[in-house]
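Chemist: Structure for this input, please:
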Amino acid sequence: MRKKISSGSAWEETVGYSRAIQVGNLIEVAGTTSVDGNTLVGKDDLYAQTVFIIRKIEKTLVELGSSLNDVIRTRMFVTNIADWEMAGKAHGEFFKNIRPVTTMVEVSSLISKDLLIEIEATAIINS
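Modeler: Numbering: from 1, shown residues only. Coordinates of the predicted model:
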């Protein structure tokens, strides 16, 4: 069984993707940015964007009956790797004891120049 979660964004229809998908006990959360509706949260602040994104991912996981405790992997795409410590600090505040495997890479840009980071997450719900 495949359960899809939508954010209601027009991008989902245009691009053809879901906010998150659950298949059995596996959850994949799509690349997540610090946009809330039409509002950018944390302009010019990588730490604030990272915190907002992880909370946004958490809400999606909760909607699927999961939590951050079930996250086994995160992927962080930053536009300036020199600022990695700000993203790492925020990530560590949420995942200090969970310790999923993670990847952080620099990308040349994201869909908007104001976005400093995008994060994906994978979770497995223990049955």
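Chemist: ok, and what's touching the longest helix seen in the chain?
Modeler: Ranked by residue count, the top helix of the chain under DSSP state H comes out as helix 46-63. Outside helix 46-63, the residues within contact range by C-beta atoms under 8 Å, 6 or more residues apart in numbering are 5, 19-20, 27, 29, 32-34, 36, 41-42, 67-68, 70-71, 76, 78, 80, 83, 86-87, 89-91, 93-94, 115-119, 121, 123. Just so you know, the C-beta spots here come from the backbone N, C-alpha and C atoms, and that holds for glycine as well.
Chemist: and if we set it to 7 Å?
Modeler: 5, 19-20, 27, 29, 32-34, 41-42, 67-68, 70, 83, 86-87, 89-91, 94, 116-117, 119, 121, 123 (C-beta atoms under 7 Å, 6 or more residues apart in numbering).
Chemist: from these, which ones fall inside strands?
Modeler: When the contacts of helix 46-63 are checked against strands (DSSP state E), the matches are I5, A20, I27, V29, T32, I117, I119, A121, A123.
Chemist: For stretch 19-35, buried residues please.
Modeler: Using 16 or more other C-beta atoms under 10 Å as the burial criterion, the residues of stretch 19-35 that qualify are R19, A20, I21, Q22, I27, V29, A30, T32, T33, S34, V35.
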